[in-house]
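K.L.:
Need coordinates for the below:
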Amino acid sequence: MTPTVVLPVIIGGLYAAGVYLLLDRSLTRVLLGVLLLGNATNLLLLSSGGPNGRAPILGYAEPEEMTDPMPQALILTAIVITFGISAFLLAIIYRSWRLVRQEVVGVDEEDRRVARRSRSTDADEIDPDDLAPEDRPAGHADSLQSDAEVEALLEQRLPGIPSDDVDLPVGEGGNR
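P.N.:
Now for the predicted structure:
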């Protein structure tokens, strides 16, 4: 391979690996995919700058010998954007770990249940009282549960895992 083919192949490989990692359910792999996409973008911008030249300082070199400073400025911007997105994803991963002790996004059964419903009627035309109890919205009067039932469900789902609000002070009557 010649040097002119190597850089585009590397850029394409980084983009392909980044997109592949973005499609995973693991948030850590999504973070790695974002980092690979950021690095591929930096290489793409660097390669779009043309051949190397002298520093773009007036009086230091002739204008045709200077390197174009625009791709370098765009690379700095891309680095800052990638850093910001990475910090945000790290915060999401940390929060997910604190809440459910895993960083893998699970399957949303509610989305699957809604997708299985008939598409013949519009959601605005449906009366919640005509729906089966398992299809009723969460705030419907028939689906409301007592505090004891909610606590039992939470303990059943996450046994022994404390929630984030364990350090909150207990109010009057023992309620949080």
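K.L.:
Which secondary structure state does residue 106 sit in?
P.N.:
Secondary structure assignment for residue 106 (DSSP: H, G, I helix; E, B strand; the rest coil): coil.
K.L.:
Now do it against residue 130, distance only.
P.N.:
Distance, residue 106 to residue 130, using Cβ to Cβ, to the nearest Å: 30 Å. In short, each C-beta sits where N, CA and C put it, glycine included.
K.L.:
Please apply the same query to residue 63.
P.N.:
Applying Cβ to Cβ to residue 63 and residue 130 gives a distance of 75 Å.
K.L.:
Run a quick neighbour tally on residue 42.
P.N.:
19 (other Cβ atoms under 10 Å).
K.L.:
Mind naming the longest helix for this structure?
P.N.:
helix 70-100 (DSSP state H).
K.L.:
For residue 23, give me its contacts.
P.N.:
With contact set as Cβ atoms under 8 Å, 6 or more residues apart in numbering, residue 23 has these partners: residue 33.
K.L.:
which ones are touching residue 44?
P.N.:
residue 11.
K.L.:
Give me the secondary structure label for it.
P.N.:
helix.
K.L.:
any idea how far residue 10 is from it?
P.N.:
Distance, residue 44 to residue 10, using Cβ to Cβ: 10 Å.
K.L.:
How about residue 60?
P.N.:
Applying Cβ to Cβ, the value for residue 60 to residue 10 is 31 Å.
K.L.:
Which one's more surrounded, those two?
P.N.:
residue 10 (14 against 10).
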